[in-house]
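>>> Sequence unavailable; structure follows:
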């Protein structure tokens, strides 16, 4: 039986491990942290569950398929709860927009916010449907390994004007700047600038509208735990709390994986769900291929970091949605500050997550848990002293939440803490503290993005946000399917 080692038990690594083990490949999954999930590992304290990674789940069919591979049901390990509304958009003047999967409700919201844009929205939705149905027909993993494999997809991509920025493409359909913000901002949660990310990212809006957004009962960490339980039930080996330190290479083949504890074993193939830079610069550091790729990666554009405030408060707050995007007085200018200039602006764009409204079990009765997420430039663009800036910025974030939603927030707070890009770098090995790996620019997508199989070390594979199709729960789970197909095919030859 072939043996494969996967480094990193993030959601991508877990999905790949489940697929390989289900296919009869003896799989070992090694993880540096003491529990699975990577950035989605979560944290429990005083009866509260804090989500430390993604706060919502899209396109659950890809996750459910992981259980169906072995004739099981996801519900035996993980219960998914629907999020309604999908997202609430809030502006400083108190106005709001609820993005709903209910067609009647959604069109009523558009008519209220931008009554002249209903027809334009229909045109945008048709464009997004074309992206989903036509532009993504050529998504087999081999598509992205060579430029020649992209040729069949080029006519569709050209018709879809993939080179245009998403916001600009949306602007060709709708006139309201606020509706443009609604339709373009979801790319921020995969590390993309709505102004520069490919127009084909319009597909995110359609997918969320069609399949909804979901939350794992007990917190997103419950999803990681459920995936790990399935993997071990299938016979996979999960090694927690033992960081991989080196992938040994013999010739042009990965041969062994060595961990910090001294554990070292031989495998037929190795896959990494770790940060891209860490995978090449550190894990492959003793092989010429590692430093060579790392030097190229240093010159690429990386997605922003995140400043995250976790806090708990007295009260149930049923009027605050599960997901609210608190928009500021600026949109394009603020994005320029984050992605381009690398400054910390006075205004902010804050994603406020309130999982208690969907799942009361993540907090004690009569109390609520919140996660306020603010995109900021990564450490390479914003080399500030986070020890000094962090507490002041946390206060600013809490003040803004209080101003808009919880007037006496500072009297109600039970506990609070924050994390910065420096924490992402230290705890997860994220290059420059980037929360989403490479920025999803057109020149860093498709065959221009690192492939799921290394071009030189033929049995070394990549999964996760840094490879195809990119960041986000649905994307890394989909990417794991492509990587698994490649590995199984290669092992069979």
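Ah, there it is. A quick note: this is a predicted structure, and the numbers were derived from the prediction, not measured.
>>> so what's residue 415 up against?
45, 46, 48, 311, 312 (CB atoms under 8 Å, 6 or more residues apart in numbering). (Glycine included, C-beta is placed from N, CA and C.)
>>> Tabulate the residues you listed (CSV), appending neighbour count, distance to residue 11 and pLDDT.
Output for the contacts of residue 415, formatted as CSV (neighbours: other CB atoms under 10 Å; distance: CB to CB, whole Å; pLDDT from 0 to 100):
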residue, neighbour count, distance to residue 11, pLDDT
45, 12, 22, 93
46, 10, 26, 94
48, 20, 22, 97
311, 24, 25, 98
312, 22, 25, 98
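>>> and which of those is nearest residue 222?
residue 48 (14.0 Å; CB to CB).
>>> And that closest one, how far from residue 34?
19 Å (CB to CB, to the nearest Å).
>>> again, but for residue 328
Counting by CB to CB, the gap from residue 328 to residue 34 is 38 Å.
>>> Quick check on those two: which one has the bigger neighbour count.
It is residue 328, of residue 328 and residue 34, that has more neighbours when counted by other CB atoms under 10 Å, with 16 against 9.
>>> residues in contact with the more buried one?
Going by CB under 8 Å, 6+ apart, residue 328 touches 92, 334, 347, 348, 349.
>>> Is it possible to mark the buried ones in those?
Taking 16 or more other CB atoms under 10 Å as the criterion, what is buried in the contacts of residue 328 is 334, 348, 349.
>>> Let me have these in JSON lines, adding pLDDT as columns.
Shown next, in JSON lines, are those (pLDDT from 0 to 100):
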{"residue": "334", "pLDDT": "96"}
{"residue": "348", "pLDDT": "87"}
{"residue": "349", "pLDDT": "95"}
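>>> Can I get those in a markdown table including secondary structure and distance to residue 79?
A markdown table is the format used below for those (DSSP: H, G, I helix; E, B strand; the rest coil; distance: CB to CB, whole Å):
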| residue | secondary structure | distance to residue 79 |
| --- | --- | --- |
| 334 | helix | 37 |
| 348 | coil | 34 |
| 349 | coil | 31 |
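>>> With respect to residue 460, which of the residues you listed is nearest?
Of the buried ones among the contacts of residue 328, the one sitting nearest to residue 460 (CB to CB) turns out to be residue 349, at 37.6 Å.
>>> Just to check, the closest one is in contact with residue 373?
No. Residue 349 lies out of contact with residue 373 (CB atoms under 8 Å); the separation is 9.4 Å.
>>> sorry, back to before: out of the contacts of residue 328, which one sits closest to residue 417?
residue 348 (18.6 Å).
>>> Quick check: next helix or strand after the strand or helix carrying residue 423?
Assigned by DSSP states H and E, residue 423 belongs to helix 421-428. Using DSSP H and E, the helix or strand that follows helix 421-428 in sequence is strand 460-462.
>>> Would you map out the domains in this protein?
Per the record, the chain has its domains at 3-41+220-300+442-492, 102-210, 304-428, by automatic domain parsing.
>>> With distance to residue 77 added, can I get those in TSV?
Compiled in TSV, the domains of the chain are given as follows (distance: least, CB to CB, whole Å):
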stretch	distance to residue 77
domain 3-41+220-300+442-492	3
domain 102-210	24
domain 304-428	16
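>>> just so I know, which of these lies nearest residue 72?
When those are compared by CB to CB, domain 3-41+220-300+442-492 sits nearest residue 72, at 7.0 Å.
>>> coming back round to it: need the least confident one among the domains of the chain, by mean pLDDT.
Across those, domain 102-210 has the smallest mean pLDDT, namely a mean of 85.
>>> can you give me the end-to-end distance of that domain?
9 Å (CA to CA, to the nearest Å).
>>> Also stretch 28-47?
33 Å.
>>> Most widely separated two among the contacts of residue 328?
Among the contacts of residue 328, 92 and 334 lie farthest apart (CB to CB), at 12.5 Å.
>>> returning to that earlier point: could the contacts of residue 328 go into a markdown table alongside distance to residue 486?
Below are the contacts of residue 328 laid out as a markdown table (distance: CB to CB, whole Å):
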| residue | distance to residue 486 |
| --- | --- |
| 92 | 48 |
| 334 | 39 |
| 347 | 44 |
| 348 | 41 |
| 349 | 37 |
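>>> Just give me the closest of those to residue 39.
Looking across the contacts of residue 328 and measuring by CB to CB, the closest to residue 39 is residue 349, at 20.1 Å.
>>> What separation is there between the closest one and residue 24?
47 Å.
>>> same question, residue 478
To residue 24, residue 478 is 22 Å away according to CB to CB.
>>> With residue 125 instead?
As judged by CB to CB, residue 125 and residue 24 stand 42 Å apart.
>>> before we move on, what about residue 382?
Using CB to CB, one gets 47 Å for the distance from residue 382 to residue 24.
>>> So between those two, which is more surrounded?
With neighbours defined as other CB under 10 Å, residue 382 and residue 24 compare such that residue 382 has more, 21 against 13.
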